[in-house]
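Engineer: Quick one, what's the 3D model for this:
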Amino acid sequence: MKSGVSIVIPTWNGITLLERFLPSVKAAASAYARQPSAPVEIVIVDDGSTDATCSWISNLKFQIPNLELRLLKNEENLGFAKTCNRGVREASHNLVFLLNNDVELDPDAIAPLVENFSDPVVFAAHCRVIDLESGEECGTGKIGGFARGFLRVHQSYVPRADSHPREPLYSIFAGGGSAMFDRERFLELGGFEELLSPFYWEDVELSYRAWKRGLKVLYEPRSLARHRVSSTIGKLKRSRVRMIEQRNRLLLHWINLHDGRLLASHITRVIFFALTSPLALAAALRLLPEARERRKREKLAARLSDRDVIRVFEELAARADVITYNHRAEIDDGG
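Structural biologist: Just a heads-up that it's a prediction; the model follows:
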């Protein structure tokens, strides 16, 4: 089993978040590093911060066997995808645990994720995530589907409390803020799509690409993380964030949706973007030549069709040992 772990944390002007959340990451890394042959490094990738992040990190000392702290610096702000890709490229170990700088880990979060990679076709495994502010579960297994011209990736599921699932707990995507990746596979796939910079949909796009390459993404409910949602993006102008989110949603489909009927349905729905999100559509169209080139490469590399991937999640949703829901209240209220 691949046991060495690189914890990669991208950050931008996030010194207060690192001060708050890095101790829990250090504690989890220390707990894992106590196992035999389980070296760990924490790699913080600073994305052109203008605060005191770099000097603060440079003064940290970890006097713990098998645990190393490293700092990488971007000279300018490059965005989430490029920053994560750099961290993964320069990581030392075969497994990379990507964490947002506003994520708190349970002490025993790492080992269960690692166990999943005994299967050589596992690409990623992601944590169960609790919203720190509300205390509500905000990250569970995700069901994939297709409706109204778009891939649907946000329906959730949880294992039934009285069940012990024998089949894998698949997930349509591994959220880039609390997920472990096979580094070699990550690099083979080209990492997060930098066309989607500066942020949003990178993790969904990469995970869907992995599924179509015949790889697997898993949900690991034994690994618990707590997330202060949107600590960085929440500081930005909401209208711009929304435009980028919608632009990248379109680009994901233009690169990876290859089924003729599904694509026709998508194109029909895109017409509505001219009315509801004209700036996002215009921004996506400006990147259409690059998206077409990416699309050609992905069509050649794909081993599964769009319908093959969707069928995996239709079968998962039909299993007796899981409960699917759109809103947590549906199961909290016995629905």
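
Engineer: drop to CA atoms for contacts and neighbour counts, all remaining ones
Structural biologist: OK.

Engineer: Okay, and the beta partners of residue 219?
Structural biologist: On the basis of DSSP bridges, residue 219 is bridged to residue 126.

Engineer: For the protein, which segments count as strands?
Structural biologist: 5-11, 40-47, 67-74, 95-99, 103-105, 122-131, 137-139, 141-147, 150-159, 178-182, 216-227, 322-325 (DSSP state E).

Engineer: which strands and helices sit next to the third one?
Structural biologist: Of the remaining helices and strands, those touching strand 67-74 by 3 or more CA pairs under 8 Å, 6 or more residues apart in numbering; DSSP states H and E are helix 15-33, strand 40-47, helix 53-58.

Engineer: you'd agree residue 83 is up against residue 48?
Structural biologist: No - using CA atoms under 8 Å, residue 83 is not in contact with residue 48, being 9.8 Å away.

Engineer: higher neighbour count, those two?
Structural biologist: residue 83 (28 against 19; other CA atoms under 10 Å).

Engineer: can you pull the contacts of that one?
Structural biologist: By CA atoms under 8 Å, 6 or more residues apart in numbering, residue 83 lies in contact with 10, 45, 46, 47, 74.

Engineer: where does it land on pLDDT?
Structural biologist: Note on residue 83: pLDDT of 96.

Engineer: where's it relative to residue 11, distance?
Structural biologist: 9 Å (CA to CA, to the nearest Å).

Engineer: what do those two both touch?
Structural biologist: Common neighbours of residue 83 and residue 11, counting by CA under 8 Å, 6+ apart, are 45, 46, 47.

Engineer: Out of these, which is nearest to residue 207?
Structural biologist: When the shared contacts of residue 83 and residue 11 are ranked by distance to residue 207 (CA to CA), residue 45 comes first, at 21.9 Å.

Engineer: In the stretch 151-300 of the chain, where is pLDDT below threshold?
Structural biologist: In the predicted model, the stretch 151-300 of the chain carries pLDDT under 70 at residues 230-236.

Engineer: let's see 80
Structural biologist: Where the stretch 151-300 of the chain drops to pLDDT under 80, the residues are 229-236.

Engineer: follow-up on the earlier one: mean neighbour count and distance to residue 255 added to the strands of the chain, as JSON lines?
Structural biologist: As requested, the strands of the chain are exported to JSON lines (neighbours: other CA atoms under 10 Å; distance: least, CA to CA, whole Å):
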{"stretch": "strand 5-11", "mean neighbour count": "28", "distance to residue 255": "25"}
{"stretch": "strand 40-47", "mean neighbour count": "24", "distance to residue 255": "27"}
{"stretch": "strand 67-74", "mean neighbour count": "17", "distance to residue 255": "28"}
{"stretch": "strand 95-99", "mean neighbour count": "26", "distance to residue 255": "24"}
{"stretch": "strand 103-105", "mean neighbour count": "25", "distance to residue 255": "30"}
{"stretch": "strand 122-131", "mean neighbour count": "25", "distance to residue 255": "20"}
{"stretch": "strand 137-139", "mean neighbour count": "19", "distance to residue 255": "26"}
{"stretch": "strand 141-147", "mean neighbour count": "21", "distance to residue 255": "16"}
{"stretch": "strand 150-159", "mean neighbour count": "18", "distance to residue 255": "13"}
{"stretch": "strand 178-182", "mean neighbour count": "27", "distance to residue 255": "22"}
{"stretch": "strand 216-227", "mean neighbour count": "24", "distance to residue 255": "19"}
{"stretch": "strand 322-325", "mean neighbour count": "18", "distance to residue 255": "28"}
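
Engineer: out of those strands, nearest to residue 279?
Structural biologist: Taking these one by one with CA to CA, strand 150-159 is closest: 18.7 Å.

Engineer: Turn the shared contacts of residue 83 and residue 11 into JSON lines, columns for distance to residue 115 and pLDDT.
Structural biologist: Below are the shared contacts of residue 83 and residue 11 laid out as JSON lines (distance: CA to CA, whole Å; pLDDT from 0 to 100):
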{"residue": "45", "distance to residue 115": "26", "pLDDT": "97"}
{"residue": "46", "distance to residue 115": "29", "pLDDT": "96"}
{"residue": "47", "distance to residue 115": "31", "pLDDT": "96"}
